[in-house]
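Novice: When you get a sec, could you give me coordinates for this:
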Amino acid sequence: MTAARRCTAIPCLRYRDPAAMVDWLCRAFGFARHLVATSEGGGVEHAQLTFGNGMVMLGPVRDDAFGRLMAQPGETGGRETQCAYLVCDDPDALHEQAVAAGAVVLMPLKDEDYGGRGFSCRDPEGHIWSFSSYDPWKEGAAP
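Specialist: Below is the predicted model:
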C-alpha cells in the first residue's frame with residue numbers, strides 16, 4: 001500500500017476563443033476569474049476559473065506537443081472522451097442560468113436514483129459539463 005498523498009484535480013481545457021469562453025463560463029455557470037493571463041496582443045494565454053472550492057484551467061488551442069494530444073469536440077463530431085462534473089447547491093437555478101446563456105442541454109435536469117439533482121450541457125465550443133447536487137464527498141453518498 002502506498003502512502004496517502006494530497007492531490008487536487010483541476011480539469012484543463014483548450015478553446016479556439018478562450019477570451020470569449022472565459023466570459024461565457026462566468027456568465028453561464030457562475031465561474032469566477034482567479035487569474036487570466038493575456039498576451040501582448042490581448043489574447044488569453046491561460047485562465048484559472050474557480051467554482052466554489054474547485055477550479056478549471058483553460059487556454060487556447062495550440063499546435064504544440066501537448067495540443068496535439070487533444071482533439072476539440074468540433075473535430076470529433078461533437079464527441080468527448082471526458083467531461084467535467086461539478087457539485088452545485090442549486091442545480092435548478094444553475095440550469096436556468098446556463099440555458100439563458102445559450103448552453104445546449106444534453107441530459108435534462110432531473111432527480112437521480114442515487115441521490116442529487118442535475119443536468120449535463122454543452123458549451124459554445126462543444127465541451128460537455130455536468131452539474132449536480134450529488135456530492136460524493138458527503139457521508140452516506142452512494143458508491
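Novice: All the helices of the chain, in order from the start?
Specialist: Taking DSSP state H, the helices of the chain run over residues 18-29, 91-100.
Novice: Of these, which is nearest residue 78?
Specialist: Shortest distance between residue 78 and these, using C-beta to C-beta, is found for helix 18-29: 16.6 Å. (C-beta placed from N, C-alpha, C; glycine too.)
Novice: Extract the C-alpha set from that closest one and format it as CSV.
Specialist: Listed in CSV are the C-alpha atoms of helix 18-29, where the atom choice follows Å, rounded to 0.1, in the frame of the first residue of the first chain:
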residue,chain,number,x,y,z
PRO,A,18,-10.6,31.4,-24.8
ALA,A,19,-11.4,35.1,-24.1
ALA,A,20,-15.0,34.6,-25.2
MET,A,21,-15.2,31.3,-23.3
VAL,A,22,-13.9,32.9,-20.1
ASP,A,23,-16.7,35.5,-20.3
TRP,A,24,-19.3,32.8,-21.2
LEU,A,25,-18.3,30.3,-18.5
CYS,A,26,-18.6,33.1,-15.9
ARG,A,27,-22.0,34.2,-17.2
ALA,A,28,-23.5,30.8,-17.9
PHE,A,29,-22.2,28.7,-15.0
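Novice: circling back: which of the helices of the chain has the highest mean neighbour count?
Specialist: Each of the helices of the chain was scored by mean neighbour count; the highest is helix 18-29, a mean of 19, by mean count of other C-beta atoms under 10 Å.
Novice: Could you list every helix and strand in contact with that one?
Specialist: Counting contacts by 3 or more C-beta pairs under 8 Å, 6 or more residues apart in numbering; DSSP states H and E, helix 18-29 is packed against strand 32-38, strand 44-51, strand 54-60, helix 91-100.
Novice: Cheers, nothing more for now.
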